[in-house]
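K.L.:
I would like to see how this sequence folds:
(one chain, ligands or ions: 1)
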Amino acid sequence: MRKNIVAGNWKMNKNLQEGVALAAELKEKVSNPNCDVIIGTPFIHLATVAELLKDSPIAVAAENCADHTSGAYTGEVSAEMVASTGATYCIIGHSERRTYYGETYEILREKVQLALANNLRPIFCIGEVKEEREANRQNEVVKAQLEGSVFNLSAEEFGKLVIAYEPVWAIGTGLTATPEQAQEIHAYIRSLIAEKYGNEVADNTSILYGGSCNAKNAVGLFANPDIDGGLIGGASLKADDFCAIISAF
Ligand code: PGA
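P.N.:
Numbering: from 1, shown residues only. Sure thing, here's the model as predicted:
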(Lines give C-alpha, C1' and ligand atoms only; values in the text may rest on other atoms or scores of the structure.)
Protein backbone atom coordinates (compact mmCIF):
# COMPACT_ATOMS: atom_id res chain seq x y z
CA MET A 1 0.00 0.00 0.00
CA ARG A 2 1.15 3.55 -0.63
CA LYS A 3 3.17 5.57 1.84
CA ASN A 4 2.21 8.73 3.62
CA ILE A 5 4.87 11.36 3.07
CA VAL A 6 5.66 14.81 4.38
CA ALA A 7 8.24 16.51 2.15
CA GLY A 8 9.83 19.92 2.63
CA ASN A 9 10.80 22.24 -0.20
CA TRP A 10 13.21 24.87 1.04
CA LYS A 11 13.27 26.62 -2.37
CA MET A 12 16.01 29.30 -2.54
CA ASN A 13 16.30 29.77 1.21
CA LYS A 14 19.04 29.02 3.78
CA ASN A 15 22.76 29.47 3.24
CA LEU A 16 24.92 26.43 3.91
CA GLN A 17 25.33 27.02 7.65
CA GLU A 18 21.64 27.77 8.16
CA GLY A 19 20.61 24.72 6.16
CA VAL A 20 22.91 22.39 8.06
CA ALA A 21 21.61 23.80 11.35
CA LEU A 22 17.99 23.20 10.27
CA ALA A 23 18.78 19.65 9.15
CA ALA A 24 20.54 18.94 12.46
CA GLU A 25 17.54 20.25 14.39
CA LEU A 26 15.19 18.08 12.33
CA LYS A 27 17.39 15.06 12.91
CA GLU A 28 17.02 15.59 16.64
CA LYS A 29 13.27 16.26 16.58
CA VAL A 30 12.07 13.68 14.04
CA SER A 31 12.54 10.29 15.69
CA ASN A 32 9.62 7.97 15.06
CA PRO A 33 7.48 9.61 12.40
CA ASN A 34 4.22 7.97 11.31
CA CYS A 35 5.07 8.81 7.71
CA ASP A 36 8.07 9.09 5.41
CA VAL A 37 9.87 12.41 5.77
CA ILE A 38 11.87 14.09 3.01
CA ILE A 39 13.58 17.46 2.86
CA GLY A 40 14.14 19.15 -0.49
CA THR A 41 17.15 21.46 -0.37
CA PRO A 42 19.19 23.63 -2.72
CA PHE A 43 22.07 21.80 -4.43
CA ILE A 44 24.72 23.29 -2.16
CA HIS A 45 23.30 21.52 0.89
CA LEU A 46 22.78 18.07 -0.56
CA ALA A 47 26.08 16.35 0.20
CA THR A 48 26.44 17.71 3.73
CA VAL A 49 22.82 17.22 4.70
CA ALA A 50 22.58 13.72 3.16
CA GLU A 51 25.65 12.68 5.19
CA LEU A 52 24.23 14.26 8.35
CA LEU A 53 20.86 12.50 7.92
CA LYS A 54 22.21 9.17 6.75
CA ASP A 55 21.16 7.27 9.91
CA SER A 56 17.93 9.17 10.41
CA PRO A 57 14.42 8.59 9.07
CA ILE A 58 14.74 11.73 6.92
CA ALA A 59 15.52 11.37 3.21
CA VAL A 60 16.95 14.15 1.06
CA ALA A 61 15.69 15.52 -2.25
CA ALA A 62 17.14 17.94 -4.79
CA GLU A 63 14.73 20.62 -6.00
CA ASN A 64 15.69 20.20 -9.64
CA CYS A 65 18.14 18.45 -11.97
CA ALA A 66 19.44 19.09 -15.46
CA ASP A 67 17.72 17.84 -18.60
CA HIS A 68 21.05 16.61 -20.00
CA THR A 69 23.32 13.78 -18.91
CA SER A 70 26.65 15.66 -18.63
CA GLY A 71 28.93 18.02 -20.50
CA ALA A 72 29.05 21.67 -21.49
CA TYR A 73 26.02 23.01 -19.62
CA THR A 74 27.56 25.70 -17.41
CA GLY A 75 25.79 26.07 -14.09
CA GLU A 76 23.68 22.93 -14.37
CA VAL A 77 23.65 19.95 -11.99
CA SER A 78 22.92 16.50 -13.43
CA ALA A 79 20.77 13.77 -11.92
CA GLU A 80 23.91 11.65 -11.62
CA MET A 81 25.62 14.41 -9.61
CA VAL A 82 22.55 14.70 -7.37
CA ALA A 83 22.55 10.94 -6.75
CA SER A 84 26.27 10.99 -5.94
CA THR A 85 25.56 13.24 -2.93
CA GLY A 86 23.38 10.62 -1.26
CA ALA A 87 20.10 12.35 -2.10
CA THR A 88 17.42 9.84 -3.09
CA TYR A 89 14.60 12.03 -4.41
CA CYS A 90 14.35 14.90 -6.88
CA ILE A 91 11.53 17.43 -7.11
CA ILE A 92 10.70 17.89 -10.80
CA GLY A 93 8.21 20.19 -12.49
CA HIS A 94 7.55 22.60 -9.65
CA SER A 95 5.34 25.43 -10.93
CA GLU A 96 8.11 27.95 -10.18
CA ARG A 97 10.43 26.04 -12.54
CA ARG A 98 7.70 25.82 -15.17
CA THR A 99 6.84 29.52 -14.90
CA TYR A 100 10.17 31.28 -14.26
CA TYR A 101 12.54 28.92 -16.10
CA GLY A 102 10.37 27.90 -19.03
CA GLU A 103 10.34 24.20 -18.25
CA THR A 104 8.14 22.57 -20.86
CA TYR A 105 6.48 19.15 -20.83
CA GLU A 106 9.34 17.87 -23.01
CA ILE A 107 12.09 19.20 -20.74
CA LEU A 108 10.35 17.69 -17.72
CA ARG A 109 10.02 14.36 -19.51
CA GLU A 110 13.82 14.34 -19.93
CA LYS A 111 14.42 15.28 -16.31
CA VAL A 112 12.14 12.53 -15.03
CA GLN A 113 13.88 9.96 -17.24
CA LEU A 114 17.34 11.06 -16.11
CA ALA A 115 16.32 11.05 -12.45
CA LEU A 116 14.95 7.51 -12.77
CA ALA A 117 18.03 6.36 -14.69
CA ASN A 118 20.09 7.49 -11.70
CA ASN A 119 17.89 5.82 -9.10
CA LEU A 120 16.37 9.07 -7.89
CA ARG A 121 12.66 9.04 -7.15
CA PRO A 122 11.00 12.02 -8.83
CA ILE A 123 8.50 14.07 -6.84
CA PHE A 124 6.58 15.26 -9.88
CA CYS A 125 4.55 18.45 -9.37
CA ILE A 126 1.37 19.35 -11.20
CA GLY A 127 -1.38 21.90 -10.65
CA GLU A 128 -3.47 24.64 -12.23
CA VAL A 129 -3.20 28.42 -12.04
CA LYS A 130 -5.96 30.63 -10.63
CA GLU A 131 -7.59 31.47 -13.98
CA GLU A 132 -7.77 27.77 -14.84
CA ARG A 133 -9.42 26.95 -11.49
CA GLU A 134 -11.87 29.82 -11.98
CA ALA A 135 -12.76 28.41 -15.39
CA ASN A 136 -13.12 24.96 -13.79
CA ARG A 137 -10.36 23.63 -16.04
CA GLN A 138 -8.20 22.08 -13.29
CA ASN A 139 -8.87 18.50 -14.36
CA GLU A 140 -7.83 19.00 -17.97
CA VAL A 141 -4.70 20.88 -16.81
CA VAL A 142 -3.40 18.13 -14.53
CA LYS A 143 -4.29 15.51 -17.14
CA ALA A 144 -2.25 17.33 -19.79
CA GLN A 145 0.68 17.72 -17.37
CA LEU A 146 0.71 13.99 -16.61
CA GLU A 147 0.28 13.02 -20.27
CA GLY A 148 2.93 15.52 -21.36
CA SER A 149 5.72 14.41 -19.05
CA VAL A 150 5.18 11.09 -17.22
CA PHE A 151 2.56 8.91 -18.90
CA ASN A 152 5.25 7.82 -21.37
CA LEU A 153 6.86 5.81 -18.54
CA SER A 154 6.47 2.09 -18.08
CA ALA A 155 4.32 0.97 -15.14
CA GLU A 156 7.47 -0.06 -13.29
CA GLU A 157 9.07 3.35 -13.81
CA PHE A 158 5.86 5.20 -12.92
CA GLY A 159 5.73 3.20 -9.70
CA LYS A 160 8.84 5.07 -8.49
CA LEU A 161 7.16 8.47 -8.75
CA VAL A 162 5.57 10.54 -6.03
CA ILE A 163 2.98 12.98 -7.40
CA ALA A 164 2.48 16.38 -5.78
CA TYR A 165 -0.70 18.26 -6.62
CA GLU A 166 0.01 21.93 -6.00
CA PRO A 167 -2.60 24.45 -7.12
CA VAL A 168 -0.45 27.42 -8.15
CA TRP A 169 -2.94 29.87 -6.62
CA ALA A 170 -2.30 28.28 -3.21
CA ILE A 171 1.53 28.31 -3.29
CA GLY A 172 2.94 30.86 -0.89
CA THR A 173 -0.31 32.81 -0.89
CA GLY A 174 -1.90 31.68 2.37
CA LEU A 175 -4.85 30.40 0.31
CA THR A 176 -5.28 26.64 0.60
CA ALA A 177 -7.47 24.31 -1.38
CA THR A 178 -10.24 23.11 0.93
CA PRO A 179 -9.94 19.47 1.95
CA GLU A 180 -12.95 18.80 -0.34
CA GLN A 181 -11.35 20.53 -3.34
CA ALA A 182 -8.06 18.72 -2.76
CA GLN A 183 -9.67 15.31 -2.21
CA GLU A 184 -11.75 15.71 -5.37
CA ILE A 185 -8.81 16.40 -7.64
CA HIS A 186 -6.53 13.87 -5.91
CA ALA A 187 -9.17 11.21 -6.57
CA TYR A 188 -9.33 12.37 -10.18
CA ILE A 189 -5.53 12.16 -10.52
CA ARG A 190 -5.61 8.65 -9.07
CA SER A 191 -8.34 7.67 -11.54
CA LEU A 192 -6.14 8.87 -14.42
CA ILE A 193 -3.26 6.76 -13.11
CA ALA A 194 -5.60 3.77 -12.78
CA GLU A 195 -6.83 4.23 -16.35
CA LYS A 196 -3.27 4.35 -17.65
CA TYR A 197 -1.48 1.82 -15.41
CA GLY A 198 -4.21 -0.12 -13.61
CA ASN A 199 -5.58 -0.08 -10.08
CA GLU A 200 -2.56 -1.57 -8.37
CA VAL A 201 -0.16 1.13 -9.56
CA ALA A 202 -2.75 3.82 -8.77
CA ASP A 203 -3.34 2.47 -5.27
CA ASN A 204 0.40 2.40 -4.62
CA THR A 205 1.09 5.97 -5.79
CA SER A 206 1.49 8.58 -3.07
CA ILE A 207 -0.21 11.84 -4.07
CA LEU A 208 0.84 14.82 -1.94
CA TYR A 209 -0.94 18.14 -1.56
CA GLY A 210 1.07 21.36 -1.66
CA GLY A 211 0.15 25.02 -1.34
CA SER A 212 0.14 26.91 1.97
CA CYS A 213 -0.07 23.66 3.89
CA ASN A 214 0.60 24.23 7.59
CA ALA A 215 0.17 22.51 10.94
CA LYS A 216 -3.41 23.82 11.25
CA ASN A 217 -4.81 22.73 7.90
CA ALA A 218 -2.69 19.56 7.49
CA VAL A 219 -4.91 17.45 9.75
CA GLY A 220 -8.03 18.17 7.69
CA LEU A 221 -6.22 17.67 4.39
CA PHE A 222 -4.38 14.47 5.35
CA ALA A 223 -7.58 12.90 6.71
CA ASN A 224 -8.83 12.37 3.15
CA PRO A 225 -8.44 8.97 1.51
CA ASP A 226 -6.59 10.24 -1.58
CA ILE A 227 -4.34 12.79 0.13
CA ASP A 228 -1.19 10.95 1.14
CA GLY A 229 0.72 13.84 2.67
CA GLY A 230 2.12 17.21 1.75
CA LEU A 231 4.83 19.10 -0.09
CA ILE A 232 5.61 21.96 2.23
CA GLY A 233 7.32 25.23 1.28
CA GLY A 234 7.21 28.07 3.80
CA ALA A 235 6.35 25.87 6.78
CA SER A 236 9.36 23.61 6.11
CA LEU A 237 11.82 26.38 6.97
CA LYS A 238 11.34 26.11 10.73
CA ALA A 239 11.85 22.75 12.43
CA ASP A 240 8.92 23.16 14.81
CA ASP A 241 6.47 24.10 12.05
CA PHE A 242 7.61 21.19 9.88
CA CYS A 243 7.48 18.74 12.80
CA ALA A 244 3.95 19.87 13.63
CA ILE A 245 2.89 18.94 10.08
CA ILE A 246 4.60 15.55 10.39
CA SER A 247 2.60 15.08 13.60
CA ALA A 248 -0.62 15.51 11.61
CA PHE A 249 -0.18 11.80 10.77
P1 PGA B 1 4.12 26.81 0.26
O2 PGA B 1 4.91 26.15 -0.98
O3 PGA B 1 3.91 25.73 1.26
O4 PGA B 1 5.02 27.91 0.75
O5 PGA B 1 2.82 27.33 -0.29
C6 PGA B 1 4.61 24.86 -1.40
C7 PGA B 1 5.45 24.51 -2.59
O8 PGA B 1 5.67 25.37 -3.45
O9 PGA B 1 5.94 23.37 -2.70
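K.L.:
Quick check on E128: phi, psi?
P.N.:
phi -100, psi 160 (degrees, to the nearest 10).
K.L.:
Check the contact between it and A135; I expect there is one.
P.N.:
No. Using C-beta atoms under 8 Å, E128 is not in contact with A135, being 9.2 Å away. C-beta here means a position set from N, CA and C on the backbone, and glycine is covered the same way.
K.L.:
Have a look at the two and say which one is more surrounded.
P.N.:
E128 (24 against 11; other C-beta atoms under 10 Å).
K.L.:
Now do the strands in this structure.
P.N.:
5-9, 36-41, 58-62, 89-92, 121-126, 162-165, 207-210, 229-232 (DSSP state E).
K.L.:
okay, those in CSV with mean pLDDT, mean neighbour count and distance to H68 next?
P.N.:
Formatted as CSV, the strands of the chain follow (pLDDT from 0 to 100; neighbours: other C-beta atoms under 10 Å; distance: least, C-beta to C-beta, whole Å):
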stretch, mean pLDDT, mean neighbour count, distance to H68
strand 5-9, 98, 27, 23
strand 36-41, 98, 25, 21
strand 58-62, 98, 24, 15
strand 89-92, 99, 26, 14
strand 121-126, 98, 25, 16
strand 162-165, 98, 26, 23
strand 207-210, 98, 27, 27
strand 229-232, 98, 30, 26
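K.L.:
and of these, who's closest to G19?
P.N.:
Closest to G19 of the strands of the chain is strand 36-41 (C-beta to C-beta; 5.9 Å).
K.L.:
got the phi/psi numbers for the nearest residue to A66 once chain neighbours are set aside?
P.N.:
In space, and not counting its chain neighbours, A66 is closest to E76: 4.0 Å by C-beta to C-beta, 6 or more residues apart in numbering. The phi and psi torsions at E76 (degrees, to the nearest 10) take the values phi -90, psi 160.
K.L.:
Ends of stretch 3-23, what's the gap?
P.N.:
End-to-end distance of stretch 3-23: 22 Å, with C-alpha to C-alpha, to the nearest Å as the criterion.
K.L.:
what does this protein have sitting close to the ligand?
P.N.:
9, 166, 171-172, 210-213, 231-235 (C-beta under 6 Å from any ligand atom).
K.L.:
Could you work out the most separated pair of these?
P.N.:
E166 and A235, at 13.7 Å, using C-beta to C-beta across these.
K.L.:
Neighbour count for the two, which is higher?
P.N.:
Using other C-beta under 10 Å as the criterion, E166 and A235 rank with E166 on top: 26 against 20.
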